[in-house]
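[1] quick one, structure for this:
(one chain, ligands or ions: 1)
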Amino acid sequence: MELVPYSAADLWLTRALETDERVMAELGGPWPDERIPLIHERRLASVARGWWCFTLVPSPDDRAVGMLGIFESDFEGQAISEIGWSVLPEQQGKGYASAGLALLLERARADGRWGAIHAFPGATNGPSNALCRKFGFELVGQGAFDYSGRSLTCNHWVLDGAVVADAAHAAGATDPEEHA
Ligand SMILES: CC(C)(COP(=O)(O)OP(=O)(O)OC[C@H]1O[C@@H](n2cnc3c(N)ncnc32)[C@H](O)[C@@H]1OP(=O)(O)O)[C@@H](O)C(=O)NCCC(=O)NCCS
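    Residues are numbered from 1 along each chain as shown. As a prediction, the model looks like this:
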């Protein structure tokens, strides 16, 4: 698994993910196609600003299977680091998000700037909550959270900055090829 920085060539991936009913089921439903260029441009701008957005590339000759990233966000008036992830529907359940998250958390440890990392998966989002649990995030609450103007009932998980690296190891992310 390789984390490849999101680039101008990844518009197709944003379109495939964000217009898909299954991917967006826990995020308030798919975005209309006309919104995709805006989301893509925002993503490129956030990368230019230094936020992390990576595509998940299982091996060098493969197309990306999803993306994940860490960005600055706001929680109750406080600046926080937030993490997000998504994988193409036909590629889910193969361990790709787990493999990517292990790499991302290793990077976060090496980089050292993100501190505690927050995640806000939908309360009924089985795989996303499973990922948080698996990587040692602590469940600290549940409530209504804004997602691009949509109010969603989400769980609030936090991974303490001091345990970011340990979490990647403790989760023991397996090789995706073995996971399937
Ligand atoms: C969340 C998501 C990225 C996971 O990607 P993935 O590559 O399928 O994840 P993995 O294969 O690494 O599996 C992650 C864990 O979820 C578990 N899982 C899968 N489906 C599950 C379900 N319905 N309920 C509970 N756990 C589930 C898996 O068993 C695995 O845990 P394990 O390794 O301990 O067995 C993917 O489901 C997705 O893109 N969802 C839509 C987008 C989304 O909701 N993003 C979250 C925004 S916060």
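
[2] for Val81, helix, strand, or coil?
    Heads up, residue 81 is Ser, not Val. Put simply, Ser81 is strand when judged by DSSP: H, G, I helix; E, B strand; the rest coil.

[3] for the residue nearest to it when sequence neighbours are not counted, the count of nearby residues, please.
    Closest residue to Ser81 apart from its sequence neighbours, by Cβ to Cβ, 6 or more residues apart in numbering: Trp114 at 4.2 Å. All C-beta atoms are positioned from the backbone trio N, CA, C, and that covers glycine. When neighbours are defined as other Cβ atoms under 10 Å, Trp114 has 22 of them.

[4] same check on the one 10 residues further on?
    Thr124 sits with 12 neighbouring residues when counted by other Cβ under 10 Å.

[5] and it, backbone torsions?
    Main-chain torsions, Thr124, degrees, to the nearest 10: phi -100, psi 10.

[6] OK, contacts around the spatially closest residue to it that is not a sequence neighbour?
    Counting by Cβ to Cβ, 6+ apart, Thr124 lies nearest to Glu26, which is 6.6 Å off, once chain neighbours are set aside. Glu26 is in contact with Pro121, Gly122, Thr124, Asn125, Ser128, Leu152, counting by Cβ atoms under 8 Å, 6 or more residues apart in numbering.

[7] swap the cut-off to 10 Å and go again
    121-129, 147, 152-154 (Cβ atoms under 10 Å, 6 or more residues apart in numbering).

[8] also Pro89?
    With contact set as Cβ under 10 Å, 6+ apart, Pro89 has these partners: Ala16, Leu17, Asp20, Glu21, Arg22, Val23, Ala25, Gly66.

[9] do the same with Glu21
    Gly29, Pro30, Pro89.

[10] for Gly28, same thing?
    Residues counted as contacts of Gly28 (Cβ under 10 Å, 6+ apart) are Gly122, Tyr147, Ser148, Gly149, Arg150, Ser151, Leu152.

[11] pretty sure Trp12 sits against Met67.
    No. At 11.7 Å, Trp12 and Met67 do not qualify as touching, with contact defined as Cβ atoms under 10 Å.

[12] who has more neighbours out of the two?
    Neighbours were counted for Trp12 and for Met67 using other Cβ under 10 Å; Met67 has more, 24 against 12.
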